[in-house]
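Asker: quick one, fold the following:
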Amino acid sequence: MTSYAGEYRRSLDDPAAFWGDAARSVNWIRRPKQILDDTNPPLYRWYPGARLNTCYNALDRHIIAGRAEQAALIYDSPVTGTKRTYSYAELLDLVARFAGGLEACGVGKGDTVLIYMPMVPEAVVAMLACARIGAVHSVVFGGFAPAELAVRIDDARPKVVVAASCGLEPTRVVEYKPLLDEALRRAEHEPETVVVLQRPQAVAELGPKDVEWRTIMTPNAVPPAGCVTVEATDPLYILYTSGTTGRPKGIVRDNGGHAVALGWSMQNIFGIGPGDVMFTASDVGWVVGHSYIVYAPLLAGATTVLYEGKPVGTPDAGAFWRVVEEHKVNVVFTAPTAFRAIRRADPSAELLEGRDISSLRTLFLAGERLDPDTWAWASSTLGVPVVDNWWQTETGWPICANPVGLEPLPLKAGSPTVPVPGYDVQVLDPSGQPLGPAEEGAICIRLPLPPGTLPTLWQDDERFVASYLSAFPGWYLSGDGGFKDEDGYVFVMGRTDDVINVAGHRLSTGSMEAVLAGHPAVAECAVIGVHDELKGQQPRGFVVLKAGVETPVAQLETELVTLVRTEIGAVASLRRVDVVAALPKTRSGKILRRTMREIADGVPFTVPSTIEDASVLDALTPTLRS
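Answerer: Prediction:
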C-alpha cells in the first residue's frame, strides 16, 4: 500500500502530476496532454482537449476485457417482490437500444434529458444512454412536487423527459404522471417527447406527446446507438440542489474529471475493484446515487445493487442484512439516518442473528453528521470498520474519508477522518485566516478543487462564483463548520448557519447533538437555536427514543438537559429537550433543522419539496411553537 501522507502531499504539491497519473485508469479517445487549465481562475478545468465517452468506460470496455457475463447490476425490490441480475452484456444491450431510442426522438450531443424515475433499472439505463450519445441528463427525484419540477424543466430545458408512471412506498403508490403533467402545464419550456415507463401498480394515461418505454425498446424498433465522443470538459449531468434564494442551483459534472475521480475513489477510498459487490442504499435522484449506485461501481468493473426499498418496513429492520447475505455484498454505503432507524427498531440487532454477512468488509456512512453513538453501535454490531465520510452534491465524491484502499487509518468517533488527496481542507476564521487545532470555524477548500467536483453551475458562472468562491478569495466555501484536531482529523459539526449565538457565545448545535445522541435511550436527535429576547438565541433539543425505552419521558428530558450542561457546561444554556415521535427529514435523510427553527421563531417558512413525510412536520409544529 502507498502511504496516505505521501499521496496527500503529492496531490497538493503537484496536482497536475498526481491527477495525470490517475487519468491512466480511464480509456481515452484522445489522451490528455494538458491536465489542469488554470488560466482563468477561479474557473479551473481538468483535462482540456482530452476526449472520451463515459458510457464506454462504464460498460463497453469491461466486456472487451472479458467480463461480459459478470453481474453489472442487481435489482432488488422488496416493495414489488422483484429481483433481477443484469450482466454487463445485458446492461449494455439495454443502454445502447434506449440510446438509439433517444436519438430517434431527436436527442443529440449536448441536448438535455430530464429523468423523473424511481429506483428501477430503467433509470440507470436512461442515465447511461444519455452518456452514450453525449446528451446531458438531469435526474429529478421521483415524486417531486409539480412546482419544483417545473422550475427544473425551465432551467434544464430538456428535449425529452423520461418518467415512470409511478413510484412505490411501503404503504402507498405515488403516481408520477399526473405530477409531471401538472409540472409541464406550469413550465414555460415544452419538451418534444415524454417517454413513459408503465408500471403495473399504476398505469398512466398517455397524451399526444407521450411514448411508452416498451415501444422504444421493441426489438429492431430503432438501431442501437454507438458511443459519441465528447470533450472531457463537456457536461455529463446536471443535478439540482436547493438554493438559498429559492431558485435551485444546477450543479454541473463534467465527463473527464468525473471518470478519473470516481475511478480513483473506488480503488483508494472504498477499496472496490472488478468483481466486488457494492450496495449503496440511496436513490439515483441524489448525488450518492449518481456517483456510487450508477457510475463509480460500473467504472470500476464492480457489481452494483439497486435497492427499491427502505432500511426498515420493507419488511423489517433486517432488510439490509438480507441484501448483504443474498448478494454477497462487500461494501455498504448509506446515510447515518438509515442506521439510526434500524437501531431504533431493533436495538439489539436480533434480526441480524442467523444471517451470513461474512462477505461484508466495510460500512461507509455519509450524508449528514455521524454521531459517535451510532458509529459505536454499527461498529460493534457488524464487526467491520465503519467509515464516516463527508462530501457534498457539489463535490461529487468524498472530501474527507478514511482511505481504506490506500492506507486504512485509525478511526475516531465523530470524525470523517482526514482530507482525501486532492482536497486542501482548512478551517478559516471570519477574516479568512487558518485556525489552529480544535479551533472551530468555516471549513474551506483551497482552489483549485480536484477533478470530479463542480466546474460551475449550469449556464451561470457568475452565480457559481458568488455562491461558493467569493467569501474567501482563493477558497471554496463548503458552508459547513467544524475543526481539525492535532492529528489533522476533520470534525464537521454542521452547517455554519447551525452555529448559534447565545449571549455572545458561539455554540455548535452539533456538539450538543453529539452529547444527546450519547444517551442510551436516544435513537436520534436535533438541536436548533430559537430566538430569545435576552440572549439572542437559546438552544432547544428534540429527541426520538429507541424502541422499548420504559423510562418516564419527564425523567428522560431532565436527564438530557443535565447531560448537556455537564458535558459542555452551563454556557450551553440548554434548558429544554422534548421527546418527539419523529423528526422531519428530507428523502435523503437530512433533518430539516432550518425549517424547524423558522417554525419555532414564528417567521414565514416554506416546506421543502424534498421532505420525506410532511405529516411528521405537522405533528411537530405545536411543540415547536410552544
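
Asker: can you show me the strands along the stretch 401-550 of the chain?
Answerer: Here the stretch 401-550 of the chain has its strands, by DSSP state E, counting those that start in this stretch, at 418-419, 425-428, 441-446, 475-484, 490-495, 499-502, 505-508, 522-532, 536-545.

Asker: swap in the stretch 201-350 of the chain?
Answerer: For the stretch 201-350 of the chain, the strands defined by DSSP E, counting those that start in this stretch occupy 210-212, 230-231, 235-241, 249-254, 277-280, 303-307, 331-334.

Asker: other SSEs contacting the second one?
Answerer: So that's strand 230-231. strand 51-52, helix 255-268 (3 or more C-beta pairs under 8 Å, 6 or more residues apart in numbering; DSSP states H and E). (C-beta placed from N, C-alpha, C; glycine too.)

Asker: now the last one: buried residues?
Answerer: Read that as helix 255-268. Within helix 255-268, the residues that qualify as buried are 255-268, counting by 16 or more other C-beta atoms under 10 Å.

Asker: what's the angle from it to strand 235-241?
Answerer: Helix 255-268 and strand 235-241 meet at an angle of 80 degrees, taking axes from the mean of the first three to the mean of the last three C-alpha atoms, to 10 degrees as the criterion.

Asker: can you tell me the average pLDDT over helix 255-268?
Answerer: Across helix 255-268, pLDDT averages out at 98.

Asker: output it as CSV, nothing but the C-alphas.
Answerer: Taking Å, rounded to 0.1, in the frame of the first residue of the first chain, the C-alpha atoms of helix 255-268 are listed here in CSV:
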residue,chain,number,x,y,z
ASN,A,255,-17.1,13.9,-18.2
GLY,A,256,-13.4,13.6,-17.8
GLY,A,257,-12.7,14.8,-14.3
HIS,A,258,-15.8,12.7,-13.1
ALA,A,259,-14.5,9.5,-14.6
VAL,A,260,-11.0,10.0,-13.2
ALA,A,261,-12.1,11.0,-9.7
LEU,A,262,-14.7,8.3,-9.3
GLY,A,263,-12.4,5.6,-10.5
TRP,A,264,-9.7,6.8,-8.2
SER,A,265,-12.1,6.9,-5.2
MET,A,266,-13.3,3.4,-5.8
GLN,A,267,-9.9,1.9,-5.5
ASN,A,268,-8.3,4.2,-2.9
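
Asker: who are the neighbours of it, in terms of helices and strands?
Answerer: Helix 255-268 is packed against helix 15-22, strand 45-46, strand 51-52, helix 54-55, strand 230-231, strand 235-241, helix 296-299, with contacts defined by 3+ C-beta pairs under 8 Å, 6+ apart.

Asker: repeat for the shortest one
Answerer: When contacts are defined as 3+ C-beta pairs under 8 Å, 6+ apart, strand 51-52 sits against strand 230-231, helix 255-268.

Asker: quick revisit: just so I know, which of the helices and strands packed on helix 255-268 lies nearest Gly518?
Answerer: Closest approach to Gly518 among the helices and strands packed on helix 255-268 (C-beta to C-beta): strand 235-241, 31.1 Å.

Asker: show me what the closest one is packed up against.
Answerer: Checking 3+ C-beta pairs under 8 Å, 6+ apart, strand 235-241 ends up next to helix 121-133, strand 136-139, helix 146-156, strand 249-254, helix 255-268.

Asker: whichever helix or strand comes after the third one pairs with which strands?
Answerer: Remark: after helix 146-156, the chain's next helix or strand is strand 160-164, criterion DSSP states H and E. Strand 160-164 has the following sheet partners, assigned by DSSP bridges: strand 112-116 (parallel), strand 193-197 (parallel).

Asker: and the strands of the stretch 401-550 of the chain as CSV, adding mean neighbour count and mean pLDDT?
Answerer: Formatted as CSV, these follow (neighbours: other C-beta atoms under 10 Å; pLDDT from 0 to 100):
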stretch, mean neighbour count, mean pLDDT
strand 418-419, 24, 98
strand 425-428, 20, 96
strand 441-446, 22, 96
strand 475-484, 22, 93
strand 490-495, 22, 83
strand 499-502, 18, 62
strand 505-508, 18, 60
strand 522-532, 22, 87
strand 536-545, 21, 88
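
Asker: hmm, back to that, which one of the helices and strands packed on helix 255-268 is the most hemmed in?
Answerer: Greatest average neighbour count among the helices and strands packed on helix 255-268 goes to helix 54-55 (a mean of 29), per mean count of other C-beta atoms under 10 Å.
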